[in-house]
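Chemist: predicted model, plus sequence, below.
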Amino acid sequence: MQKLAAAENVLRTALHRSPLLDNRPYEIFGQGSRVNNTYLDPASDIDLVLMLEAPTADYGWAEFRDDVVATLAESYTVRMGRRCVNVDDPGSQFGEMVDILVATQHQEGVFFLDQEGRPIVNFPKQHRRNGDDKDRRTGGRFKQVVRETKRRRLPVLPEAPSYLLECLLYNVPDEVYRTATPGDALAWLHRFQHEDPGGFAALPCQNGINRLFGSGPDQWDAGEAARIVDVLRQL
């Protein structure tokens with residue numbers, strides 16, 4: 001968490017130096033495996049959200065994104081990734097590779113466009129809060145199983161998204177985690193998918209608001225998720 005806090009401070013200092021963002025209200029907070037304490041590699045990227053509060057008709061996501069990129073480019077090597085502004089210079093003041101999701105406030109969540117211009121609304125604060133609550137209810141077993149499952153998938157399914165795995169495992173009932181191994185949690189998901197494929201396809205994300213499966217740019221295919229579960233279960 002020290003690295004995350006340090007990166008937040010570096011970003012805040014960089015933004016304060018720019019007249020482009022004078023009087024623009026924004027919030028910076030962490031997301032992803034580091035802030036959720038489910039990361040495997042201490043050198044993994046730091047994921048931050050930079051959220052414009054109270055966007056207006058003449059200053060919304062696109063204008064904010066352009067001003068943020070212009071500001072950071074004055075001091076750092078940056079590029080636009082599929083969804084985030086990537087700071088690719090580990091020798092900079094950030095000291096790490098940093099991904100910054102530039103977004104605008106949208107009700108209780110955040111709004112942004114991906115590289116193809118498709119709108120996405122997500123809820124990173126709810127994701128973190130729900131994960132922390134489940135970890136407390138399960139005596140720390142939930143996040144332990146998430147980390148073990150991510151580690152298990154690396155040799156055979158490195159392309160399996162960490163976010164998908166975490167959300168799938170979040171839907172496993174708390175009582176399974178009281179004595180769970182990764183195999184127990186994956187076995188529950190495997191049984192649930194075979195016994196109730198409709199219920200499996202309707203599973204929510206960890207934020208409890210978005211659906212995990214569907215045709216949206218931030219959703220997955222239920223059949224492919226079932227295949228990933230089945231492969232991991234047999235390891």
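Modeler: In hand now; what should we look at?

Chemist: going by C-alpha atoms from here, please, whenever you check contacts or count neighbours.
Modeler: OK.

Chemist: assign residue 27 to helix, strand or coil.
Modeler: Of the three states, residue 27 takes strand according to DSSP: H, G, I helix; E, B strand; the rest coil.

Chemist: any idea how far it is from residue 105?
Modeler: For residue 27, the distance to residue 105 equals 9 Å [C-alpha to C-alpha, to the nearest Å].

Chemist: overlap in contacts of these two?
Modeler: 51, 52, 53 (C-alpha atoms under 8 Å, 6 or more residues apart in numbering).

Chemist: okay, and which of the residues you listed map to strands?
Modeler: 51, 52 (DSSP state E).

Chemist: quick check on the shared contacts of residue 27 and residue 105: which are buried?
Modeler: For the shared contacts of residue 27 and residue 105, a burial check counting by 16 or more other C-alpha atoms under 10 Å picks out 51, 52, 53.

Chemist: so which of those is the closest to residue 176?
Modeler: Among those, residue 51 lies closest to residue 176 (C-alpha to C-alpha), at 36.3 Å.

Chemist: tell me the pLDDT at the closest one?
Modeler: pLDDT recorded at residue 51 is 98.

Chemist: that one contacts residue 106, correct?
Modeler: No: shown here, residue 51 and residue 106 do not form a contact pair, counting by C-alpha atoms under 8 Å, at 9.6 Å.

Chemist: which helix or which strand is home to residue 8?
Modeler: According to DSSP states H and E, residue 8 maps onto helix 2-16.

Chemist: how far away is residue 27 from residue 83?
Modeler: 18 Å.

Chemist: contacting residues for residue 36?
Modeler: Listed by C-alpha under 8 Å, 6+ apart, the contact set of residue 36 reads 128, 131, 132.

Chemist: in the host helix or strand of the first one, which residues are buried?
Modeler: Using DSSP H and E, the element containing residue 128 is helix 124-137. Burial within helix 124-137, assessed by neighbour count using 16+ other C-alpha under 10 Å, is assigned to 124, 125, 126, 127, 128, 130, 131, 132, 134, 135.
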